[in-house]
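1. Structure of the sequence below:
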Amino acid sequence: LDSALNIYSHLRKMQTILKAGQQQVVDRRVQGAARTSVAPKPIARSQQRTLRQDVRTAAIANPSAVSKEVVEKCVNAIRFLSIDGVNKAKSGHPGMPMGCAPMGYILYNEVMKHNPKNPQWFNRDRFVLSAGHGSMFQYSLLHLNGYDSVTMDDLKSFRQMGSQTPGHPENFVTNGVEVTTGPLGQGVCNAVGLAVAEANLAARFNKPDAPKIVDHYTYCIAGDGCMMEGLSNEASSLAGHWGLGKLIMLYDDNKISIDGHTEISFTEDVLKRYEGLGWHVLHVQDGNHDYDGIRKAIADAKAVTDKPTIIKVSTLIGYGSPNKADSHDVHGAPLGAEETAATRKNLGWEFGEFEVPQDVLSVFRQAVEEGAKSEEAWKADLEAYAAKYPAEAAEFKQLISRELPKGWENALPSFTPEDKGLATRQHSQTMLNALAPVLPGLIGGSADLAPSNLTLMKMFGDFQKGQYAERNVRFGVREHAMGAIANGIAHHNSGMIPYTATFFIFSDYMRGAMRMSALSEAGIIYVMTHDSIGLGEDGPTHQPIEQLGNFRAMPNMLMIRPAGGNETAGAYKVGIENRKRPTTIALSRQNMPNLPGTSREGVEKGAYIIKDCQGTPDVIIMGTGSELELAYGAAEELEKEGKKARVVSMPCWELYEEQPQSYKDSVLPPSVTQRVAVEAGSSFGWERYIGWSGAFVGVDTFGASAPAPQIYAKFGITKDGVVAACKKVMA
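-> Sure thing, here's the model as predicted:
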């Protein structure tokens with residue numbers, strides 16, 4: 001066999017020499033000089049039949065023994081499935097899969113631990129395609145490796161309505177996709193979050209005298225665009241600070257973006273930057289041919305356990321395309337029939353559209369058997385662990401079941417009107433610390449605002465390098481990365497419940513990540529304090545106005561603005577229970593009373609009556625958060641004048657809209673059109689509930705720098721202002 005392989009290698013080298021010069025491309029990586037980049041055709045089958053017969057048996061028996069010829073065919077299978085899928089869809093991004101195919105083959109078939117028949121197996125290695133535009137790359141690999149979620153028909157339905165292969169990877173559509181990516185840089189942050197989850201769980205549950213039950217890597221492929229986006233640097237800074245040694249990022253350095261060559265806007269030394277961020281840095285200079293270089297780099301990365309690793313893999317985008325390789329033309333458009341035919345000829349791919357030869361499929365499908373064996377071995381390890389550490393095993397199994405512990409909600413406190421009035425951010429602190437002992441998956445922190453957001457769980461220390469078992473996460477001033485890292489933690493699918501915190505105004509910095517939470521069904525709890533002009537002296541730069549409306553408009557986002565302790569408890573109950581949609585909780589800086597009638601159960605309905613009258617009300621007054629007190633006080637004043645007023649708390653519009661129409665009509669009877677709403681924010685959206693004849697007491701301009709009472713008075717957000725608005729609509 002060795003002799004046959006040596007002869008074959010010699011023949012390949014001779015063929016390469018003969019074909020040199022057929023395809024010239026500009027290599028901007030070697031001092032701007034032109035180089036010859038040729039993908040040699042395979043030797044004619046009649047010449048290689050004997051060699052194939054010799055090596056096939058060894059290749060199928062052991063992945064590491066797969067012949068170079070078959071490996072090359074496997075790599076080309078990834079390329080051409082991607083090309084064919086994009087061509088059939090008449091849209092997509094073929095260039096990235098063509099250049100990254102060697103990385104994909106090596107990761108999925110030689111490096112990663114995964115089970116195609118159980119994509120949710122806990123101890124699998126995670127893979128994130130941050131360069132999500134190249135989604136056909138991942139779909140091709142999932143299909144080739146035997147994932148049931150991506151059939152050949154699914155590949156042929158790329159980007160079509162209802163298909164399992166949408167334009168960008170979506171975890172809630174395609175089993176085997178860990179996170180939803182597309183907006184560049186988000187995947188880098190998600191990968192950091194996945195690595196955080198692994199590090200935390202490993203530190204908490206692994207024991208020196210028992211099998212490791214948490215032991216997996218996170219791999220990420222990112223592109224030039226990911227490197228340009230600022231949030232990837234934020235997350236990478238944290239990853240380096242935390243020393244996440246099981247995070248390995250392969251940077252597809254193809255130097256092409258939509259505008260053209262990256263030299264027009266991106267000339268920094270990425271590896272020097274990452275070295276400064278505390279990463280282990282490596283470079284594979286020829287990612288299209290140096291397969292052993294890729295293998296060695298990944299092995300070297302695994303050998304460094306106290307730092308994350310970035311491997312810069314220099315590739316040719318659209319590798320194999322004679323006329324479009326190394327150009328933006330292949331980045332985001334199909335090759336087309338003519339160029340596809342030329343590429344098939346250039347790479348010696350003698351198979352038709354969506355055709356995968358059996359020897360190639362046999363190599364890829366070894367992942368099914370190997371994955372099943374890996375999972376069974378892990379299950380045996382878990383049982384051995386459980387025999388030695390039954391309590392820890394029980395907690396671990398409960399966590400990864402993703403079921404909440406029974407009776408967890410009983411830890412939430414309740415309040416009476418006689419209890420001292422506090423800011424809802426203080427009530428939030430109470431809730432977090434009440435839940436910390438009963439929810440082993442609760443983990444989170446603040447963007448350098450913990451003393452103001454009040455988000456520290458007092459029973460835990462800080463998650464830091466060497467202290468991975470702790471559950472208070474210090475994100476620093478990195479809101480965007482914070483949200484995207486939390487998405488990764490949530491999508492680890494191990495029962496972890498991440499929360500993040502900042503001032504509500506700075507949600508603007510991480511709105512992109514919050515939208516990805518909503519889209520990808522990540523049950524993050526976003527703790528947003530200083531929720532209105534009520535924060536006072538910091539002024540309009542820090543005072544939210546339109547933010548409530550922004551998040552109420554976001555699909556699959558629960559926007560809750562609680563009033564008092566009971567509603568804050570209700571907000572947390574809702575947030576914890578909703579594992580497939582995020583919850584944003586807007587919390588006050590200023591104190592407010594625990595009003596009669598407020599309840600945890602009312603929050604779960606979204607809107608409910610906290611003060612009513614006899615018979616049909618003359619006016620309905622709606623409010624949220626700190627202004628609910630004004631609505632209540634105005635109703636009391638109107639009662640003194642013989643008017644009948646109903647007060648409705650509306651902490652969560654989305655939950656209210658999910659109630660039966662009969663319930664909604666019982667709270668806001670259609671026959672009562674005299675309605676007033678009060679909220680220290682924009683009027684946007686309130687017309688749905690007050691009608692065009694109703695009145696709104698709030699603020700539709702930017703705020704001001706002054707003590708909170710003065711600002712409220714300036715905008716007429718007072719009890720007297722609400723009373724006046726009620727009288728106007730009743731007139």
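2. How are the strands of the stretch 451-600 of the chain distributed by residue range?
-> 462-463, 472-474, 497-503, 525-529, 558-560, 583-586, 591-592 (DSSP state E, counting those that start in this stretch).
3. ok, so what distance separates the residue sitting nearest the centre point of the chain from M112?
-> Compute the mean C-alpha point of the chain, and by Cα atoms, centre = their mean the closest residue is N487, 3.8 Å away. For N487, the distance to M112 (Cβ to Cβ, to the nearest Å) stands at 21 Å. For the C-beta atoms, the positions are set from N, CA and C on the backbone; glycine is no exception.
4. swap in K212?
-> For K212, the distance to M112 equals 17 Å [Cβ to Cβ].
5. show me where pLDDT drops low in the stretch 451-600 of the chain?
-> Low-confidence segments of the stretch 451-600 of the chain (pLDDT under 70): none present.
6. Do you have the helices of it handy? List them.
-> For the stretch 451-600 of the chain, the helices defined by DSSP state H, counting those that start in this stretch cover 479-490, 511-520, 547-552, 564-577, 600-604.
7. could those helices go into CSV alongside distance to A450?
-> What follows is the helices of the stretch 451-600 of the chain, written out as CSV (distance: least, Cβ to Cβ, whole Å):
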stretch, distance to A450
helix 479-490, 12
helix 511-520, 19
helix 547-552, 21
helix 564-577, 18
helix 600-604, 25
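8. most tightly surrounded among those helices?
-> helix 479-490 (a mean of 30; mean count of other Cβ atoms under 10 Å).
9. mind saving the C-alpha coords of that one as PDB?
-> Below are the C-alpha coordinates for helix 479-490, written out as PDB (Å, rounded to 0.1, in the frame of the first residue of the first chain):
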ATOM      1  CA  GLU A 479     -22.900  45.700  25.500                       C
ATOM      2  CA  HIS A 480     -23.100  44.300  21.900                       C
ATOM      3  CA  ALA A 481     -20.800  41.400  22.600                       C
ATOM      4  CA  MET A 482     -22.500  40.800  25.900                       C
ATOM      5  CA  GLY A 483     -25.800  40.100  24.300                       C
ATOM      6  CA  ALA A 484     -24.300  37.900  21.600                       C
ATOM      7  CA  ILE A 485     -22.200  36.000  24.100                       C
ATOM      8  CA  ALA A 486     -25.400  35.400  26.100                       C
ATOM      9  CA  ASN A 487     -27.000  34.000  22.900                       C
ATOM     10  CA  GLY A 488     -24.200  31.500  22.700                       C
ATOM     11  CA  ILE A 489     -24.600  30.500  26.300                       C
ATOM     12  CA  ALA A 490     -28.300  29.900  25.800                       C
END
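10. my guess is G293 contacts V284, does it?
-> Yes. Contact between G293 and V284 holds when scored by Cβ atoms under 8 Å: they sit 4.4 Å apart.
11. Please identify which of these two sits among more neighbours.
-> V284 (25 against 18; other Cβ atoms under 10 Å).
12. pLDDT score assigned to the more buried one?
-> At V284 the predicted local confidence, pLDDT, stands at 98.
13. which stretches of this structure have low pLDDT?
-> 1-64.
14. Between K212 and M112, point out the one with more neighbours.
-> Of the pair K212 and M112, M112 is the one with more neighbours under other Cβ under 10 Å, namely 20 against 15.
15. mind checking how far that one is from K307?
-> As judged by Cβ to Cβ, M112 and K307 stand 20 Å apart.
16. possible to save the strands of the stretch 451-600 of the chain as a markdown table with mean neighbour count and distance to Q543?
-> Shown next, in a markdown table, are those (neighbours: other Cβ atoms under 10 Å; distance: least, Cβ to Cβ, whole Å):
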| stretch | mean neighbour count | distance to Q543 |
| --- | --- | --- |
| strand 462-463 | 18 | 30 |
| strand 472-474 | 21 | 26 |
| strand 497-503 | 27 | 10 |
| strand 525-529 | 28 | 13 |
| strand 558-560 | 27 | 18 |
| strand 583-586 | 28 | 13 |
| strand 591-592 | 18 | 17 |
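17. Contact partners for D448?
-> For D448, the contact set (Cβ atoms under 8 Å, 6 or more residues apart in numbering) comprises R474, F475, G476, V477.
18. Buried ones among those?
-> R474, F475, G476 (16 or more other Cβ atoms under 10 Å).
19. Among those, which one sits closest to M730?
-> Proximity of these to M730 (Cβ to Cβ) peaks at F475, which lies at 49.2 Å.
20. isn't that closest one right up against L238?
-> Yes. Contact criterion Cβ under 8 Å: F475 and L238 qualify, at 6.9 Å.
21. so what's N175 up against?
-> So N175 contacts P119, Q120, Y147, D148, S149 (Cβ under 8 Å, 6+ apart).
22. make it 6 Å
-> Contact analysis of N175 by Cβ atoms under 6 Å, 6 or more residues apart in numbering lists P119, S149.
23. ok but it is inside a strand, no?
-> No. The assignment for N175 is coil, going by DSSP: H, G, I helix; E, B strand; the rest coil, so no strand is present there.
24. what distance separates stretch 193-212 from the middle of the whole chain?
-> Centre-to-centre, stretch 193-212 and its host chain are 21 Å apart (Cα atoms, centre = their mean, to the nearest Å).
25. can you dump the C-alpha coordinates of that stretch into CSV?
-> What follows is stretch 193-212 as a C-alpha-only set of coordinates in CSV (Å, rounded to 0.1, in the frame of the first residue of the first chain):
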residue,chain,number,x,y,z
GLY,A,193,-20.7,32.1,24.7
LEU,A,194,-20.6,28.4,23.9
ALA,A,195,-17.1,28.1,25.2
VAL,A,196,-18.1,30.0,28.4
ALA,A,197,-20.9,27.4,29.0
GLU,A,198,-18.5,24.5,28.5
ALA,A,199,-15.9,26.0,30.9
ASN,A,200,-18.5,26.8,33.6
LEU,A,201,-20.1,23.4,33.5
ALA,A,202,-16.7,21.6,33.3
ALA,A,203,-15.5,23.4,36.4
ARG,A,204,-18.6,22.7,38.3
PHE,A,205,-19.1,19.1,37.5
ASN,A,206,-15.9,17.4,36.4
LYS,A,207,-14.0,15.6,39.2
PRO,A,208,-10.3,14.5,39.2
ASP,A,209,-11.2,10.9,40.3
ALA,A,210,-14.1,10.4,37.8
PRO,A,211,-14.6,10.4,34.1
LYS,A,212,-15.0,13.9,32.6
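26. which residues make contact with that stretch from outside it?
-> 126, 213-214, 216, 218, 244, 246-247, 381, 384-385, 388, 392, 396, 468-469, 485, 488-489, 492, 496.
27. what do you get if the cut-off is 7 Å, keeping everything else the same?
-> Residues from elsewhere that reach stretch 193-212, judged by Cβ atoms under 7 Å, 6 or more residues apart in numbering: 126, 128, 178, 213-216, 218, 239, 244, 246-247, 381, 384-385, 388-389, 392, 396, 443, 463, 468-469, 485-489, 491-492, 494, 496.
28. the strands in the stretch 101-250 of the chain, which residues?
-> Ranges of strands in the stretch 101-250 of the chain, per DSSP E, counting those that start in this stretch, are 126-129, 218-223, 247-253.
29. Report the buried residues of the second one.
-> Judged by neighbour count using 16+ other Cβ under 10 Å, the buried positions of strand 218-223 are T218, Y219, C220, I221, A222, G223.
30. For the third one, list the residues it contacts.
-> Pointing back at C220 there. Applying Cβ under 7 Å, 6+ apart, we find C220 in contact with V128, S130, G187, V188, A191, M249.
31. Identify the farthest-apart pair in those residues.
-> So, the contacts of C220 by Cβ to Cβ: farthest apart are G187 and M249, at 9.6 Å.
32. No more questions from me, cheers.
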